[in-house]
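Q: sequence? don't have it. structure:
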């Protein structure tokens, strides 16, 4: 194992994560540049090997992890936005209902 990889394992340098809308193209470009892709991660175990590329050079070495840019924790952005929008609508309905209850209670208190 090269000194560069050992330095990464000891926390001496940060590991690069690549966020892209085109992960297949990035992986192919890294392969063309001499990286080995589709391998088991050496530094952060549990990462998807299909999206892990490694390089061991004289001056640089380590793992690079490729991520789909339009996802959050593996959930598509569309689903995340839809969920947040639904939560906002639910919150708005609760606030409107509470306002209606308060107004109706005040009217009853004045009328008695």
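A: Nice, I can see it. Please read these numbers as outputs of a predicted model, since none were measured by experiment.

Q: Name the residues of the lengthiest strand in the chain that are buried.
A: Longest strand in the chain, counting residues (DSSP state E): strand 61-68. Applying a neighbour-count criterion of 16 or more other C-beta atoms under 10 Å, one finds 61-67 buried in strand 61-68. Where C-beta positions appear, they are placed from N, C-alpha and C, glycine not excepted.

Q: Where is the longest helix in the protein?
A: Ranked by residue count under DSSP state H, the longest helix found in the chain is helix 77-111.

Q: Give me the angle between that one and strand 61-68.
A: Relative orientation of helix 77-111 versus strand 61-68 (axes from the mean of the first three to the mean of the last three C-alpha atoms, to 10 degrees): 60 degrees.

Q: Kindly check the end-to-end length of stretch 48-58 for me.
A: Between the start and the finish of stretch 48-58 there is a gap of 26 Å, counting by C-alpha to C-alpha, to the nearest Å.

Q: roughly how far is that stretch from the heart of the chain?
A: Remark: stretch 48-58 is offset 19 Å from the chain centroid, using C-alpha atoms, centre = their mean, to the nearest Å.
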